[in-house]
Structure formats: C-alpha cells, structure tokens
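Visitor: Below is the structure, and that's it, no one-letter string:
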C-alpha cells in the first residue's frame, strides 16, 4: 500500500507511460493511417478494375452485358470482402504487438484452434466450398430472379457462405450455400 502512495512509484509510472506514448503511439497512428489508405486504395483499384471489366463486357457482342455486369459485381464484392478481412486481421495482429502482446504463441495456437474448429465446423466449410463452386460455375448472380429450395425471389446478395433472397412479399430469406438442394438454372 505504501508503494501506491510514494512519489517514486508515480514518477516511474508517469515516466514509463510517457516513454510508451513517445515510442509506441506514433507507430499505432501510422499503422491506422496505413490501414485506412490501403483500404481506400484497394477499394478504388477494385472499382477501377470493375469499370474496365464492365466496359469490356459491353464492347464484346458475344456477351450479354447485363449478365456479365451481375457476375462482375458479385465477384468484385466478394473480392473486396476478402481483402478487408485480411487487412483488418493483419492490422489487429500488428496492433496487439504494439501493445506488448506476444503474437507468436497466439498465431500458433490460432492454427491449432483453426484445425480443431475445421473438424467441428464441417457444415461451415461445406457452405464455403459450395459457395465457391456456385460462383465459379456462374450458377447464380446478384440481381437474378431465382427459386432456391422452392422459394422464389430476387437475389440481393451472394456471399461465399450464404445467399440472400427477397421474395415478392418483401420477406428476406437467407440460405446457406451447403443446404441449397434445388436451384433451377
């Protein structure tokens, strides 16, 4: 208790806090700035890439430009989501290291936990794999009118794990890609 009251304790605490602010805090600000700039730059790059692809699809007479636009929008949205998850994960790991957390054991344990979750989350893995092949085979796109497992409506959003469908009465239905048994083409 006497240590908390002594001026030496408070001086050491203040000194170490000032050292952390001078040494580590600018790095955290720079890291956050780099994250924002990278996110915006990649977003602009993907949007430019999308525009180039849309122009090429409109110029090609063999391709239905509306269908190509749906596919391009779907794939670029998924690409941007994957990039954002990757950037934020790297940012969080680097931020944790700035706060003095040893991330080496954390990453090693995350790998082991990921393996265990992978065995336990077979349904989740099935959803992602099914979604990947649905996109790869161009079975469905954002903006399509589709009937999924007997429910018809407009496809609002396609993700690797789920498809969001809005029926004629305005009700939103979310289907896991691994559980879609019928999808008339």
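Guide: The structure has been received and is ready for your questions. Nothing here was measured: the structure is a model prediction, and the numbers come from that model.
Visitor: any weak-confidence spans in the protein?
Guide: 1-5, 120, 185 (pLDDT under 70).
Visitor: try 90
Guide: For the chain, applying pLDDT under 90 flags the ranges 1-28, 57-79, 81-82, 89, 94-146, 149-151, 157-161, 177-185.
Visitor: What are the boundaries of the strands in it?
Guide: 145-148, 151-158, 162-166, 172-176 (DSSP state E).
Visitor: Give me the distance from the last one to the chain's centre.
Guide: So the one you mean is strand 172-176. Distance, stretch centre to chain centre, for strand 172-176: 19 Å (CA atoms, centre = their mean, to the nearest Å).
Visitor: likewise the longest one?
Guide: Using CA atoms, centre = their mean, the distance from the centre of strand 151-158 to the centre of the chain it belongs to is 21 Å.
Visitor: Also stretch 155-172?
Guide: Counting by CA atoms, centre = their mean, stretch 155-172 comes out at 18 Å from the chain centroid.
Visitor: got the end-to-end distance for that stretch?
Guide: Using CA to CA, to the nearest Å, one end of stretch 155-172 lies 10 Å from the other.
Visitor: do you know how far residue 158 is from residue 12?
Guide: Counting by CB to CB, to the nearest Å, the separation of residue 158 from residue 12 is 57 Å. C-beta here means a position set from N, CA and C on the backbone, and glycine is covered the same way.
Visitor: Compare these two and say which is more crowded by neighbours.
Guide: residue 158 (27 against 11; other CB atoms under 10 Å).
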